[in-house]
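K.L.:
Sequence below, structure please.
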Amino acid sequence: MITRKTLFLALIALGALAILYVIIRAMSPSPADKNPLAALAKGEMQETVFVAKPPAQPQATFKGPNGEPVTLADFRGRVVLLNLWASWCGPCVEELPSLDALQGEMGSDRFIVLTVDMDRSKAEAEAFLSKAGIKNLPLYRDNSFALAQALSIPGQPSGLPLTVLYDAQGIERARLSGGANWNSPESRALIKAVFPDAP
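P.N.:
I've put the predicted structure just below:
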């Protein structure tokens, strides 16, 4: 039989545990404290993921505008907004003009919007880019899907479109699977947090 004294002591113990829990929560850093960029995941960027331990930048080879082999390491020294797309992907088609506009306004020797096409043939991609009026994005291609596979992280969404933001040292800072307006104030704020000198 539980006595009043036992019940009283149990209530005191529960109260002490509750106070201890509140103190620990108050001292623990919030997600935004752990990664300052997390505070920028709102609006168009609300689905952005900030991987706690970013994977090494993939070494997978893809094709440059003239068919030459290219890797992400070739862009080291520049902030890179890497976007994987295909003409058969509805959200890709919808967001591509915003990426084109972003490259047109911010592209430089220190920042690049690097879009990599996943279509089966170069002709398909070229026809789409021409029809869509894309002017600022050279055609990089990966019809082997090697880059897409290398970018996949277990437990993280990896469908198209997939966009990954790298700093100038090639370290992943953020990723977003799904379409977005990359020329929005929210996306620009995220990019400027990684590239403070952005125009």
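K.L.:
residues contacting the residue most central in space within the chain?
P.N.:
The centroid of the chain falls nearest to residue 175 when counting by C-alpha atoms, centre = their mean (1.5 Å). By C-beta atoms under 8 Å, 6 or more residues apart in numbering, the contact list for residue 175 reads 48, 49, 51, 156, 162, 163, 164, 165. C-betas here are computed from N, CA, C, even on glycine.
K.L.:
min pLDDT across these, which one?
P.N.:
Least confident entry in the contacts of residue 175, by pLDDT: residue 156, with 79.
K.L.:
Where does the prediction get shaky in the protein?
P.N.:
1-2, 4-34, 199 (pLDDT under 70).
K.L.:
go with 80
P.N.:
In the predicted model, the chain carries pLDDT under 80 at residues 1-34, 156-158, 197-199.
K.L.:
Spell out which residues make up each domain of it.
P.N.:
Using automatic domain parsing, the domain parsing of the chain gives 1-31, 35-194.
K.L.:
neighbours of the nearest residue to residue 143 once chain neighbours are set aside, just the number please.
P.N.:
Distance criterion C-beta to C-beta, 6 or more residues apart in numbering; nearest residue to residue 143, sequence neighbours excluded, is residue 120 at 5.7 Å. Counted with other C-beta atoms under 10 Å, residues neighbouring residue 120 total 13.
K.L.:
my hunch is that residue 120 is in a strand, does that hold up?
P.N.:
No - going by DSSP: H, G, I helix; E, B strand; the rest coil, the assignment for residue 120 is coil, not a strand.
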